[in-house]
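1. what follows is a predicted structure for the sequence shown.
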Amino acid sequence: MILEKFRNDDSAVSPVIGVILMVAITVILAAVIASFVLGLGDQTDDVSPNIQFDADYNISDYSTNANNTVISINTADADADADNIYIRGSYDEGNIDETWGSVSEISAGESVRVGGANATGVDIDLGGGNDLRPGDEIVIVFETDSTSDQLETFTIPEP
């Protein structure tokens with residue numbers, strides 16, 4: 001008797017599933033259309049480049065005004081733009097705030113030297129006899145109008 005009841009029953013779950021699927025499709029479609037209308041689909045953040053830095057410290061004698069640090073690139077993304085790479089930090093007489101360099105692309109093997117006023121070949125001259133001292137910090141920052149990421153931090157060690 002129970003089995004005959006199920007054989008003659010035409011109702012099933014399919015109408016309920018159909019309604020749920022129609023609602024879900026409508027909601028997804030509305031979300032996609034809204035994102036394009038509001039311009040959310042066009043926004044892309046500037047992603048920090050994948051760059052590995054290395055520092056070589058010349059800190060044997062703090063009395064020579066030639067204390068400098070050479071920061072070099074081990075590996076870098078091919079499309080890394082030097083105009084968005086900044087060298088910042090603090091030293092005994094002030095702050096460092098310079099761009100990486102004037103090249104349009106950064107590649108492995110490039111370097112920048114940060115140092116005292118009398119150091120030879122210095123790309124960022126601290127000037128006025130200022131030296132890098134133990135505890136001074138050099139920070140490599142990737143910065144655009146919409147984002148700022150700290151790529152690497154170097155602290156000057158004891159000699």
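-> It's in. Numbers count the residues shown, from 1 in each chain.
2. C-alpha only now, for contacts and for neighbours.
-> Fine.
3. SS state for Ser35?
-> Here Ser35 takes the helix state, with states given by DSSP: H, G, I helix; E, B strand; the rest coil.
4. quick one: pLDDT of it?
-> Here the pLDDT value assigned to Ser35 is 81.
5. give me the number of residues near it?
-> Using other CA atoms under 10 Å, Ser35 has 13 other residues around it.
6. do Leu38 as well
-> When neighbours are counted by other CA under 10 Å, Leu38 comes out with 9.
7. separation between it and Thr99?
-> From Leu38 across to Thr99, the span is 35 Å (CA to CA, to the nearest Å).
8. ok, Ile51 - contacts?
-> Ile51 makes contact with Ile73, Asn74, Thr75, Ala76, Asp77, Leu151, according to CA atoms under 8 Å, 6 or more residues apart in numbering.
9. between those, which is nearest Gly89?
-> Leu151 (12.9 Å; CA to CA).
10. so what does the helix or strand where the closest one lies touch, helix or strand wise?
-> When elements are assigned from DSSP states H and E, Leu151 belongs to strand 148-155. Judged by 3 or more CA pairs under 8 Å, 6 or more residues apart in numbering; DSSP states H and E, strand 148-155 is in contact with strand 51-58, strand 137-143.
11. and the last one, average pLDDT?
-> Strand 137-143 shows a mean pLDDT of 85.
12. which helices and strands does that strand pack with?
-> The helices and strands touching strand 137-143, judged by 3+ CA pairs under 8 Å, 6+ apart, are strand 85-91, strand 148-155.
13. try it again with 10 Å
-> Where contact means 3 or more CA pairs under 10 Å, 6 or more residues apart in numbering; DSSP states H and E, strand 137-143 is packed against strand 68-76, strand 85-91, strand 94-99, strand 148-155.
14. now do the buried residues in stretch 144-153.
-> For stretch 144-153, a neighbour-count test (16 or more other CA atoms under 10 Å) marks Leu151, Thr153 as buried.
15. now do it: distance from first to last residue.
-> Using CA to CA, one end of stretch 144-153 lies 19 Å from the other.
16. coming back round to it: between the contacts of Ile51, which sits nearest Ser48?
-> Taking CA to CA as the measure, Ser48 lies nearest Leu151 of the contacts of Ile51, at 8.0 Å.
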